[in-house]
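S.K.: pasted the sequence and its predicted model underneath.
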Amino acid sequence: MTRIHATAVVDSKAELATDVEVGPYSVIGPHVKIGTGTKVGSHTVIEGYTTIGKENNFAHFASIGGAPQDMKYRGEPTQLMIGDRNTVREFTTIHTGTAQDEGITRLGSDNWIMSYVHIAHDCQIGNHTIFSSNAQIAGHVHVDDWAIMGGMSGVHQFVRVGQHAMLGGGSILVQDIPPFVIAAGDKAGPHGINVEGLKRRGFSTETITALRQAYKSLYKDGLSFEDAKVEIQKMVAAHAADAATAEKLAQFHDFIAASTRGIIR
């Protein structure tokens, strides 16, 4: 059965699965839906039009589903959608979306969100990401699967962080990080391919070597941005016999080609 501490305040209209746990002094609003196996620590507030999946773990003093920190917001019923098996630690804030975007902030599944993280309105977070303590991302930011955000890093609105990318601690990011790339600094610049991370996730030596060559074409060979895109597209074709490598090279190429804010250089 649902285990709700006597001091918690859960609105009668909230929808909680039968085994959800809610700790002391927590508050659950009327438009909240929480899936099976999820635990909510003490003094945590979950409000707004917020839907949470199964087996999530919210630590103490988290603030989930609050109104966006956007002066254009006028109380529209925008949403926050959270997947499964996420860990969200102390004092994290995650806000709902705005009408100026899709109206939905999303956090996928299997993410590790450490203390004092801020995920602003309209952000789209994938799966298996890590946000180290005090990582702060502004509105409309996209963080793709397996990305790592370093502690005390800050991300400008509308920036995108590619798959398996890594942003170093204390960095300030104002443009997109391509997939597989390490970025660091103020302002953040490129520092090679995330080789160790890719090895841990089972990338082959051949794929890593090809991605390093793509990185070299983009950042080291003195090519213009347009010429670098052409060279990387040629690499995709050259590795057609190795489907996994060709796919990753295509992801790299397509990301930089689609960037509207510009990539770190």
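M.R.: Looks like it arrived, so ask away. Residues are numbered from 1 along each chain as shown.

S.K.: Gly103: neighbouring residues, count only.
M.R.: Counted with other CB atoms under 10 Å, the neighbours of Gly103 add up to 16. (Glycine included, C-beta is placed from N, CA and C.)

S.K.: so Tyr215 sits in a helix?
M.R.: Yes: under DSSP: H, G, I helix; E, B strand; the rest coil, Tyr215 sits within a helix.

S.K.: that one and Val181: what is the separation?
M.R.: To Val181, Tyr215 is 7 Å away according to CB to CB, to the nearest Å.

S.K.: give me the common contacts of these two.
M.R.: Residues touching both Tyr215 and Val181 (CB atoms under 8 Å, 6 or more residues apart in numbering) are 190, 192-193.

S.K.: then stretch 254-265 to PDB, C-alphas only?
M.R.: Extracted C-alpha coordinates of stretch 254-265, given in PDB (Å, rounded to 0.1, in the frame of the first residue of the first chain):
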ATOM      1  CA  ASP A 254      24.200  15.400 -38.600                       C
ATOM      2  CA  PHE A 255      24.500  17.100 -35.200                       C
ATOM      3  CA  ILE A 256      26.900  19.700 -36.400                       C
ATOM      4  CA  ALA A 257      25.000  20.200 -39.600                       C
ATOM      5  CA  ALA A 258      21.700  20.800 -37.800                       C
ATOM      6  CA  SER A 259      23.200  23.200 -35.100                       C
ATOM      7  CA  THR A 260      21.400  26.500 -35.100                       C
ATOM      8  CA  ARG A 261      23.300  28.100 -32.200                       C
ATOM      9  CA  GLY A 262      26.700  27.000 -33.500                       C
ATOM     10  CA  ILE A 263      29.100  24.500 -32.100                       C
ATOM     11  CA  ILE A 264      31.900  25.100 -29.700                       C
ATOM     12  CA  ARG A 265      35.100  26.000 -31.700                       C
END
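
S.K.: what lies in contact with that stretch?
M.R.: With contacts defined as CB under 8 Å, 6+ apart, stretch 254-265 is touched by 158-160, 162, 173, 175-179, 181, 183, 187-190, 218-219, 225, 228-229, 232.

S.K.: out of those residues, list just those in strands.
M.R.: With strands taken from DSSP state E, the overlap with the contacts of stretch 254-265 comprises 160, 173, 181, 183, 188-190.

S.K.: make a markdown table from those and add pLDDT to it.
M.R.: Shown next, in a markdown table, are these (pLDDT from 0 to 100):
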| residue | pLDDT |
| --- | --- |
| Arg160 | 98 |
| Leu173 | 98 |
| Val181 | 98 |
| Ala183 | 98 |
| Ala188 | 98 |
| Gly189 | 98 |
| Pro190 | 98 |
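
S.K.: ranges for the helices of the chain?
M.R.: Taking DSSP state H as the criterion, the chain contains helices spanning 195-200, 205-219, 225-238, 243-258.

S.K.: the second one: how far from the chain's middle?
M.R.: Computed by CA atoms, centre = their mean, to the nearest Å, the separation of helix 205-219 from the middle of its chain amounts to 24 Å.

S.K.: angle of it against helix 225-238?
M.R.: Relative orientation of helix 205-219 and helix 225-238, computed by axes from the mean of the first three to the mean of the last three CA atoms, to 10 degrees: 160 degrees.

S.K.: residues in contact with helix 205-219?
M.R.: 178, 180-181, 190, 192-193, 195, 198-199, 223, 225, 228, 231-232, 235, 239, 242, 244-245, 248-249, 252-253, 256, 265.

S.K.: mind redoing it with 6 Å?
M.R.: Helix 205-219 has contacts (CB atoms under 6 Å, 6 or more residues apart in numbering) with 180, 190, 193, 195, 198, 228, 231-232, 235, 239, 244-245, 248-249, 252.

S.K.: thank you kindly, that will do.
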